[in-house]
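1. Quick one, what's the 3D model for this:
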Amino acid sequence: MRIALYQPDIPQNAGAILRLAACLNIPVDLIEPAGFVLHSQGVRRAGMDYLEQADLSRHISWDAFEAGVTPPQRLILLSTKATERHIDFDYHRDDTLLVGRESDGVPQSVHARADAQVRVPMQADARSLNVVTALALVLGEALRQQDGFPG
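-> You can find the predicted model right below:
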């Protein structure tokens, strides 16, 4: 299992995701451009001393990310527009969970490239969860299904 961040624009969220990934031993792909310098204070504050433990790969663009992913694996997009609930989806060990830019998600071309899209169920009048919260819920379910949590 992997996590991919598509052009993140809030450094604290990126730091929190890197910390989550380090604690659960999940590699992270960061697809640039990001809306911040990776070693900014916000990333460091949220990631704390876990940043050095994170298995992070940086990609200069979406095309570079796609070219660098081997072996081919399923790309699962977290989206408020998805119809399938994250708890009803069957995850595979080699899936990549993709989260979009906090300000406006991912472009239609990336939506089209995703092998599946899942959403976290929310109240009807709620717009969206924080990207870190949504990812933690989906990753937790994916790891539960695959018995993939670290010892």
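2. gap between the residue lying farthest from the centre of the chain and residue 75?
-> In the chain, counting by CA atoms, centre = their mean, residue 125 sits farthest out from the average C-alpha position, at 24.1 Å. When distances are taken as CB to CB, to the nearest Å, residue 125 and residue 75 turn out to be 30 Å apart. In short, each C-beta sits where N, CA and C put it, glycine included.
3. Spit out the contact partners of residue 114.
-> Taking CB atoms under 8 Å, 6 or more residues apart in numbering, we find residue 114 in contact with 75-77, 98.
4. Please disregard the earlier target; I meant residue 100.
-> With CB under 8 Å, 6+ apart as the criterion, the residues that contact residue 100 are 6-7, 77-79, 106, 110, 131.
5. Helices of this structure, start to end?
-> Counting by DSSP state H, the segments of the chain that form helices are 11-24, 41-47, 62-68, 108-113, 131-145.
6. Surely residue 87 touches residue 142?
-> No: with contacts defined as CB atoms under 8 Å, residue 87 does not count as touching residue 142, sitting 10.3 Å away.
7. Could you check which of these two is surrounded by more residues?
-> Taking residue 87 and residue 142 together and counting by other CB atoms under 10 Å, residue 142 has the greater number of neighbours (22 against 13).
8. What's the separation between the more buried one and residue 95?
-> 7 Å.
9. Same question for residue 7.
-> Counting by CB to CB - residue 7 and residue 95 are separated by 20 Å.
10. Same check on residue 80?
-> Distance check for residue 80 against residue 95: by CB to CB, it reads 19 Å.
11. neighbour-wise, which of these two wins?
-> Neighbours were tallied for residue 80 and for residue 95 using other CB under 10 Å; the higher tally belongs to residue 95 (19 against 15).
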